[in-house]
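J.: Output the structure for:
(one chain, ligands or ions: 2)
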Amino acid sequence: METCVLKGCFVDAPTFGSLRVREGSFLVLVDGVIQGLWDRLPEEYAACPMKDYGEALVLPSFADLHLHAPQYPMLGMGMDLPLLDWLGTYTFPAEARFADPDYAREVYRKLARELIACGTTRVCRFSSLHTDATLILMEELEKAGVTGYVGKVNMDRNGGVNLQETTEESIRETERWLERCGGFAHLRPILTPRFTPSCTNELMAWLGRTAAERNLPIQSHLSENDREVQWVRELHPDCGQYWETYAKYGLWNDRTLMAHCVWSDQRERAAMKEAGVTVVHCPDSNVNVCSGVAPVRTMVEEGLKVALGTDIAGGDHLSMFDAVTSAIRASKIRQLTDPAHPAFLTVAEAWYLGTSAGQAFFGAGPGFAVGEKLHALVLEDSDLPQPHPLTARERLERCLYRRQEEAIRAVWSEGRLVLDRGEK
Ligand code: GUN
Ligand code: FE
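T.: Ligands and ions are numbered 1, 2, ... in the order given. Predicted coordinates for the structure are as follows:
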């Protein structure tokens, strides 16, 4: 049994809107599992090795619940195009390159390291349709210390040049991929129909059956963009709403993640709430590819599960610092332009969505919950000028808005120290 004590200024978000601040406190880990957070170190731990982070902020690391790994090389490109044109012009050709395992290895190694350097330790990510590149992605994430879910993408219609499978290939390759996923300690498979226009009914039905038989979670896109919604209506005239195209094939339950939901109306939102589907709000992507501004606070107030994602490369930054502050901006724009939108998100609320709400999808309690493996980042902001002596809450706000990746001194993931930059 290995015991370790961390000392620092701990801030977490135990509930939506609340912050717990513990300055100069001690967090005790036994084999990476949080035992508690104390103002005075209990006697029994006095002789244990200590990581003394001084006044530095110790925060829960981020959970990014929607991002596309093969789009990492095209970050910040094609931003003058709306979603469907952007997919055809930039995204599909960029993803087609991942047929090459050497290219995949090089890109995914960089991506995995950058994720940790940004303080993101839990992810739900789309790979491409390529099985081998997907396994390489899982290997590189695992090596870097990233945990969570990865999905081989399924797409057997409306793809690009060299980016489409037959239905048989898609099924066969998904089975091959699932057989090889057992060897990872911290990464698990998630079924990933790209979105309804990418998958035939036959493939959707097979995915739904497989999710049930193998007890697998599901991720996809929903009601992101008006042209996309219209297209789905044409493809499925039998379905009144977009969500029904997933529900009718068994892809709609409390382990389903749906990215965006910008155009989901009250009925579609009620269907998410009833099934326990998690909405992944990706505010940067929604604006970049001209989709819209999702009513994020309305969804929270209606009782939906809402978490955040960068959706790179629809999103233009890998950093969840951005996703949090962009969610606040999106909620303000919505409030300013939509009389029905209740209010904007506060810093504490948006940060809860980027940390604790995301953790919930992995079955973890909020913030630094006792009994959970530690996921944390240590942020040293002492060299920034201060207008007045800042409270911990103000320091957190400033770090979020100033995207303080470079101030991250250490990162813990699943109870392990995965990045240690030492003293400044
Ligand atoms: N819908 C289907 N594929 C994609 C994708 O790669 N990115 C985004 N933002 N939306 C999608
Ligand atoms: Fe996406």
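
J.: how much space between the nearest residue in space to residue 403 that is not next to it in sequence and residue 355?
T.: The shortest distance from residue 403 to any non-neighbouring residue, by CB to CB, 6 or more residues apart in numbering, is to residue 321 (4.4 Å). (C-beta placed from N, C-alpha, C; glycine too.) If you measure residue 321 against residue 355 using CB to CB, to the nearest Å, the figure is 11 Å.

J.: which residues are common contacts for the two?
T.: Listed as contacting both residue 321 and residue 355 by CB atoms under 8 Å, 6 or more residues apart in numbering are residue 62.

J.: so what's residue 276 up against?
T.: 253-254, 305.

J.: and the residues you listed as TSV, adding pLDDT?
T.: Rendered in TSV, the data for these read as follows (pLDDT from 0 to 100):
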residue	pLDDT
253	98
254	98
305	98
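
J.: Which of these has the largest number of neighbours?
T.: residue 305 (18 neighbours; other CB atoms under 10 Å).

J.: That one bridge partners, please.
T.: On DSSP bridges, the residues paired with residue 305 through beta bridges are residue 278.

J.: I figured it was touching residue 281, is that so?
T.: No: counting by CB atoms under 8 Å, residue 305 does not reach residue 281; the two are 10.9 Å apart.

J.: The residue of the chain at minimum distance from ligand 1: neighbour count?
T.: For the chain, the nearest residue to ligand 1 under the criterion CB to the nearest ligand atom is residue 314, separated by 3.5 Å. For residue 314, the neighbour count with other CB under 10 Å is 29.

J.: who's in contact with it?
T.: Under the criterion of CB under 8 Å, 6+ apart, the contact partners of residue 314 comprise 68, 71, 83, 86, 282, 284-286, 288-289.

J.: Apply 6 Å and report the result again.
T.: By CB atoms under 6 Å, 6 or more residues apart in numbering, the contact set of residue 314 is 285, 288-289.

J.: try residue 66
T.: When the contact criterion is CB under 6 Å, 6+ apart, the partners of residue 66 are 259, 280, 282, 309, 311.

J.: Quick check: chain neighbours aside, which residue is closest to it?
T.: In this structure, residue 66 finds its nearest non-sequential neighbour in residue 309, 3.0 Å apart by CB to CB, 6+ apart.

J.: List of residues touching the helix or strand hosting residue 393?
T.: Secondary structure here is read from DSSP states H and E; on that basis residue 393 sits in helix 392-401. Helix 392-401 is contacted from outside by 9, 11, 19, 21, 57, 321, 324-325, 347, 379, 381, using CB under 6 Å, 6+ apart.

J.: Would you mark the buried spots in it?
T.: Counting neighbours by 16 or more other CB atoms under 10 Å, one finds that the buried residues in helix 392-401 are 392, 395-400.

J.: With stretch 128-146 instead?
T.: Counting neighbours by 16+ other CB under 10 Å, one finds that the buried residues in stretch 128-146 are 128-142, 144-146.

J.: Spell out which residues of the stretch 151-300 of the chain are next to ligand 2.
T.: residue 259 (CB under 5 Å from the ion).

J.: Could you list the contact residues of the stretch 151-300 of the chain toward ligand 1?
T.: Taking CB under 6 Å from any ligand atom as the measure of proximity, the stretch 151-300 of the chain contacts ligand 1 at 194-195, 221, 224, 285, 289.

J.: Take those and keep only those in strands.
T.: Within these, membership in strands is found for residue 221, as judged by DSSP state E.

J.: from the residues of the stretch 151-300 of the chain next to ligand 1, which single one is nearest residue 359?
T.: Closest approach to residue 359 among these (CB to CB): residue 285, at 21.5 Å.

J.: contacting residues for that closest one?
T.: Contacts for residue 285 (CB under 6 Å, 6+ apart) come out as 311, 314-315.

J.: ok, so of those residues, who is nearest ligand 2?
T.: Distances from the contacts of residue 285 to ligand 2 were compared by CB to the ion; the smallest belongs to residue 311, at 4.4 Å.

J.: Hmm, the closest one is touching residue 284, no?
T.: No: judged on CB atoms under 6 Å, residue 311 makes no contact with residue 284 at a distance of 7.2 Å.

J.: quick one, which of these two is more surrounded?
T.: Between residue 311 and residue 284, counting by other CB under 10 Å, residue 311 is the more crowded of the two (29 against 22).

J.: follow-up on the earlier one: for the contacts of helix 392-401, work out which two are farthest apart.
T.: Taking CB to CB as the measure, those span a maximum distance of 20.8 Å, between 9 and 325.

J.: pLDDT weak spots in the protein?
T.: Counting by pLDDT under 70, the chain has low-confidence residues at 423-424.

J.: Could you rerun that using 80?
T.: By pLDDT under 80, the weakly predicted segments of the chain are 404, 423-424.

J.: All the strands of the stretch 251-400 of the chain, residue numbers only.
T.: Under the criterion DSSP state E, counting those that start in this stretch, the stretch 251-400 of the chain carries strands at the ranges 256-260, 278-281, 305-308, 376-379.

J.: deepest of those, which one?
T.: Of the strands of the stretch 251-400 of the chain, the one with the most neighbours on average (mean count of other CB atoms under 10 Å) is strand 278-281, at a mean of 28.

J.: So which elements touch it?
T.: Contacts defined by 3 or more CB pairs under 6 Å, 6 or more residues apart in numbering; DSSP states H and E place strand 278-281 against strand 256-260, strand 305-308.
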